[in-house]
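1. give me a 3D structure for the following:
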Amino acid sequence: MSKNSYLLEECCIVFIDTEFTNLEIQNGAPPELISLGATCLQGNHEFYLEMEHWNAGSVGAFTKENVLPILWRKEYKKEFKKFIGLWQEYLASFNKPVVLAMDSVWDWAWVISLAAGERHINKQLFDVFEPYFPYWSHNVSPTWLHLQFKNLSPELKCIEMEQRQEHKKIFQSHHALWDAQCNQKIIKKIIERAQVASTHQLKEKMQGSAQTVSPQAQWLGLGW
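-> The predicted model follows:
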């Protein structure tokens, strides 16, 4: 079984996105996590929470303008330990191994930080084997899928742009759940396109034969 087939058939791919106060230290305060959103490849099992507290002095201009105005209601805000506990419960609720997919190393940095019980990103954590972290969910793979959309072929780039345009008709960018949903829609559409292409190729190869072969989706140049 190929790597791509294994991911699609034996694992749950969970797309995540994070929003945070800043990319760098602001007014002497390090970046802090604001929100985390996640959805699985099938789109039927989602997660979204916001941190109840963060240092207002660490919030940069971009976050003030684009992130804070579209945060959700109070019931989505949880204190740090409760936030980690609910995130663990979500990941543990899948009945297959979980592989996380995200388009930024910053998202992975926050996943590691939460698993270690850290409020701030600690670069030293990248040298630690993740399953030893106290809050690591053991059904989650210690490796992740980097959604490198810049590596798409021209055909798949068109699919990406079409999906982004459709998504933005309803949802704003820089909301953790909505951005995770957008990436999920793009990848799902690319997989559907790959399955159609595989089916067409198989039909050409199998002409005159009664044998049936199930096509496997390929990631088609995503650069994972």
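
2. could you tell me how many residues sit around His174?
-> Other residues within reach of His174, judged by other Cβ atoms under 10 Å, total 17. For glycine as for every other residue, the C-beta is placed from the backbone atoms N, C-alpha and C.

3. for the one 5 residues further on, same thing?
-> One way to gauge burial is a neighbour count; for Asp179, by other Cβ under 10 Å, it gives 24.

4. distance of it from Ile34?
-> Counting by Cβ to Cβ, to the nearest Å, the gap between Asp179 and Ile34 amounts to 13 Å.

5. for Val59, same thing?
-> The spacing between Val59 and Ile34, counted by Cβ to Cβ, is 8 Å.

6. residues shared between the contacts of the two?
-> Common contacts of Val59 and Ile34, defined by Cβ atoms under 8 Å, 6 or more residues apart in numbering, comprise 21, 68.

7. quick one: the helices in the chain, in order.
-> In the chain, helices defined by DSSP state H lie at 3-10, 61-66, 80-92, 105-115, 154-168, 176-205, listed in chain order.

8. CSV for those helices, including distance to Glu24?
-> As requested, those are arranged in CSV below (distance: least, Cβ to Cβ, whole Å):
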stretch, distance to Glu24
helix 3-10, 34
helix 61-66, 11
helix 80-92, 22
helix 105-115, 11
helix 154-168, 27
helix 176-205, 20
